[in-house]
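Student: can you look at this prediction? I've put the sequence above it.
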Amino acid sequence: MRDLTPQQRRAIIIAVAAIAFFAKLWLALKTYGTNDVYTYERFGLWSQYLGAELYRIAPDLNHPPSMLHFLSGILRLSDWTHLPFHFWLRFCGIVADAGSLWLVWRIAGERIAVLLIAISPINILISGFHGNTDPVMIFFVLLAVWLAGYRDRSALAGAAFGVAFCIKITPVIVLPVLLFWLPGWRRRAKVLGAAAAVVIAGWSPFLFDDPRAVIHQVFGYRSSYGLWGVSWLLRKLAVAVPATWRLDLLYSQIGAVLVLVAVAFLSFAMSRMPKRPSLYEQTGMAFLFFFVFTGGFAVQYLVWLTPWIAELGPAPVALFMATGSVFLLVVYNYWTLGAPWYLAIAYPWTTHQYFQALCWLSVILMAVTAWLRIRRGGDSPFSFRLRVPPALAWSGVAVMAAVFLIYPAYIHMKRDRLNVSPVYAQDDALYTEAEIYHNLAVQLFQRGRRADSNTVDTQAALMEAEAERITDSLRREQPARSLRMTPENLVEASLDDFNRGDFAQCIDDATQSLKTRPGMPAAWNNIVLCNGYLGKWEEAVQAAEEGVRLEPEIPEVRQNLEWARSEGRP
């Protein structure tokens, strides 16, 4: 883009950003997203009836109370516009991406890396398909950085940071960067005061209704361990060398605290450099450091990184975009069981770790690049040029991409596809939503609120009727759907087999489910119990160990392993 005028660069970035925007919008309109979407819908709906009590009865509610206001608002917007909840949830992320791009553009200017961020397939997949609030949260963090570092508006920066903290508590990662960067305690007090005021207002009244439950649920959350980076390597090491399992366990327990403390020390060191990096550079470095060493991870977290890498140069950014996009593509395809996508049900991606490893390595490269750039006062750390013709260089890149990314991704995606499409369609999403309403009706009935219970249960019945209509229509279009057995169906069948005492069939059904979804802890648990009742303790122990490898943090999984080992001991 060096040979182009500023107006031409600007036009290209706007055009590319528009393409990405409409691609996300199309995904939001045509798909449902992941099971995060109906989890959010459940939180928003139930909070309208149960208030702060929801934090005591929903163990998976780990979001700040302010999110309950937000989700309830989206439900009302959905009723008013007749556009579904799953569209509006993702539309917020789509708009936030546009805002983040504008801020990055203002900070970094027109450059190739900004163009890559504008068209980022990572953002297209996460904001357009996944269905979570990470893009919105990271926009407000970026807005806080821009206001504090480039507009000298401390109070507004604190308010923006507070809004980000109202969406997720993730911004605590970079709070030390912001505080150490600000000169003087007066400006720090402005930021903290404004942020605290926004958080208190946003978390009310739930925080004051049941502060203990809210704080325990929100701050006690831990992301999935063992699926990314260092934790993945430690988990692999513990399996290969059992004597190292304590190291893996220790990192799963205190790794998050160690990383946050290390980020704080890093922030202090950067603030004391002779040529102090910009707040944008320091925040990006903190996020990159966090991603290199974090033990907890979820795929939508990748969107945290894209706004902070504009100044790292086109090569490392392009590598991250390529590896991250393919990683997401393969995982979402695994969750949907093949294209076309509609609803994705998340499971550990244990059979797709090759793509995670490539993505993690690209993050390490960006972290090293960012650190060297900071140490050199903003100069590019890689100044050498390859003396090869451009055509040859691009041919080499294409061959490497085909060998290491495209072909492996094709093999995995072809393997994961079932014989019907989409596997999880509109009827599955509606059945799940109907179950959410029905379970709420039960909760209300138990509390003596029969009128509310009847109203909600009537809505559940209408959803089930519509789901049945869609199911019949889909079966007429695709007769194979009548014989469809998803991994979830097979796990349910294996549980029915167990309840009937048919332990051999239970093992067979659970094993069949694992052929499509190797990362299903519930299937492994069924195999453990059935082998135990059949007296096959060696097989029971092996299955229990696999369950622990997949979900070591779940107490029931470890209890199954202890049971199999104790009962099988001579």
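Tutor: Cool, the structure landed.

Student: what pLDDT does the model give residue 562?
Tutor: At residue 562, the pLDDT value in this model is 83.

Student: same check on the one 4 residues further on?
Tutor: Residue-level confidence at residue 566 comes out at 82, pLDDT.

Student: next, count neighbours for it.
Tutor: By other CB atoms under 10 Å, 9 other residues sit near residue 566. The way it works is simple: take the backbone N, C-alpha and C, and place the C-beta from them, glycine included.

Student: distance of it relative to residue 481?
Tutor: According to CB to CB, to the nearest Å, residue 566 and residue 481 sit 44 Å apart.

Student: any idea how many residues pack against the nearest residue to residue 275 once chain neighbours are set aside?
Tutor: Spatial nearest neighbour of residue 275, excluding adjacent residues (CB to CB, 6 or more residues apart in numbering): residue 377 at 4.3 Å. Counted by other CB under 10 Å, the residues lying close to residue 377 total 11.

Student: could you shift the numbering so residue one becomes 642, and keep it that way?
Tutor: Will do, 642 is the new start, and the previous item becomes residue 1018.

Student: so residue 1018 sits right up against residue 922, yeah?
Tutor: No: the pair residue 1018 / residue 922 is not scored as a contact, 10.5 Å apart, by CB atoms under 8 Å.

Student: what about the residue nearest to residue 916, which SS state?
Tutor: coil (DSSP: H, G, I helix; E, B strand; the rest coil).

Student: and it, how far is that from residue 937?
Tutor: 34 Å.

Student: domain map for the protein?
Tutor: Annotated domains of the chain cover 647-1057, 1067-1124, 1128-1209 [automatic domain parsing].

Student: what helices or strands is the helix or strand containing residue 757 leaning on?
Tutor: Secondary-structure assignment from DSSP states H and E places residue 757 in helix 753-759. Packing partners of helix 753-759 (3 or more CB pairs under 8 Å, 6 or more residues apart in numbering; DSSP states H and E): helix 647-671, helix 726-749, helix 955-977.

Student: pull the residues that contact the longest one.
Tutor: Read it as helix 647-671. Helix 647-671 has contacts (CB atoms under 8 Å, 6 or more residues apart in numbering) with 642, 645, 727-728, 731-732, 734-735, 738-739, 742, 746, 751, 755-756, 759-761, 764-765, 768-770.

Student: show me which of those are buried.
Tutor: 727-728, 731-732, 734-735, 738-739, 742, 746, 751, 755-756, 759-761, 764-765, 768-770 (16 or more other CB atoms under 10 Å).

Student: touching, residue 744 and residue 787? I think so.
Tutor: Yes: with contact defined as CB under 8 Å, residue 744 reaches residue 787; the gap is 5.1 Å.

Student: tell me which of the two has more neighbours.
Tutor: Neighbours per residue (other CB under 10 Å) separate residue 744 from residue 787, with residue 787 holding more: 21 against 18.

Student: how far does the helix holding residue 757 sit from its chain's centre?
Tutor: Centroid separation for helix 753-759 versus its chain: 22 Å, with CA atoms, centre = their mean, to the nearest Å.

Student: what does stretch 687-694 give?
Tutor: That offset, for stretch 687-694, works out to 25 Å (CA atoms, centre = their mean).

Student: now stretch 853-863
Tutor: The answer for stretch 853-863 is 19 Å, by CA atoms, centre = their mean.

Student: average pLDDT for that stretch?
Tutor: 89.

Student: separation between residue 896 and residue 879?
Tutor: 14 Å.

Student: between the helices and strands packed on helix 753-759, which one is nearest to residue 907?
Tutor: helix 955-977 (19.2 Å; CB to CB).

Student: next SSE after the closest one?
Tutor: That would be, after helix 955-977 and using DSSP H and E, strand 984-985.

Student: thinking again about what came up before, can you tell me how far the residue nearest to residue 916 sits from residue 788?
Tutor: Distance, residue 1018 to residue 788, by CB to CB: 25 Å.

Student: just residue 1050 next, same as before
Tutor: For residue 1050, the distance to residue 788 - CB to CB - is 40 Å.

Student: if you count neighbours, what's buried in stretch 1134-1144?
Tutor: 1134-1136, 1138-1139, 1144.

Student: hmm, I typed the wrong one, I wanted stretch 1059-1075.
Tutor: 1059, 1061-1075.

Student: from those, which single one is nearest residue 1175?
Tutor: Among these, and counting by CB to CB, the member closest to residue 1175 is residue 1059, at 29.9 Å.

Student: I'd guess the closest one is in a strand, am I close?
Tutor: No: with three-state DSSP as the criterion, residue 1059 is assigned coil and is not in a strand.

Student: what's the closest non-adjacent residue to it?
Tutor: Closest to residue 1059 by CB to CB, 6+ apart is residue 978, at 4.8 Å.

Student: then residue 674?
Tutor: Of all residues beyond its chain neighbours, the one nearest residue 674 is residue 772 (3.1 Å), with distances taken as CB to CB, 6+ apart.

Student: OK, contacts around that neighbour?
Tutor: 673-675, 677-678, 681, 727, 730-731.

Student: could I get these as JSON lines with pLDDT and distance to residue 887?
Tutor: Output for the contacts of residue 772, formatted as JSON lines (pLDDT from 0 to 100; distance: CB to CB, whole Å):
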{"residue": "673", "pLDDT": "96", "distance to residue 887": "42"}
{"residue": "674", "pLDDT": "95", "distance to residue 887": "39"}
{"residue": "675", "pLDDT": "96", "distance to residue 887": "34"}
{"residue": "677", "pLDDT": "95", "distance to residue 887": "33"}
{"residue": "678", "pLDDT": "96", "distance to residue 887": "38"}
{"residue": "681", "pLDDT": "96", "distance to residue 887": "37"}
{"residue": "727", "pLDDT": "96", "distance to residue 887": "43"}
{"residue": "730", "pLDDT": "97", "distance to residue 887": "41"}
{"residue": "731", "pLDDT": "97", "distance to residue 887": "42"}
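
Student: now the two most distant members of the residues you listed.
Tutor: 673 and 681 (12.0 Å).

Student: which one's more surrounded, those two?
Tutor: residue 673 (29 against 24).

Student: for the strand or helix carrying residue 1103, packing partners?
Tutor: Remark: residue 1103 resides in helix 1091-1118, with elements defined by DSSP H and E. Helix 1091-1118 sits against helix 1067-1087, with contacts defined as 3+ CB pairs under 8 Å, 6+ apart.

Student: isn't residue 875 right next to residue 887, touching?
Tutor: No: look at residue 875 against residue 887 with CB under 8 Å: they stay out of range, at 10.5 Å.

Student: where does the stretch 792-941 of the chain dip in pLDDT?
Tutor: Across the stretch 792-941 of the chain, nothing is flagged by pLDDT under 70.

Student: repeat the analysis, applying 80 as the threshold.
Tutor: In the predicted model of the stretch 792-941 of the chain, residues 880, 883 satisfy pLDDT under 80.
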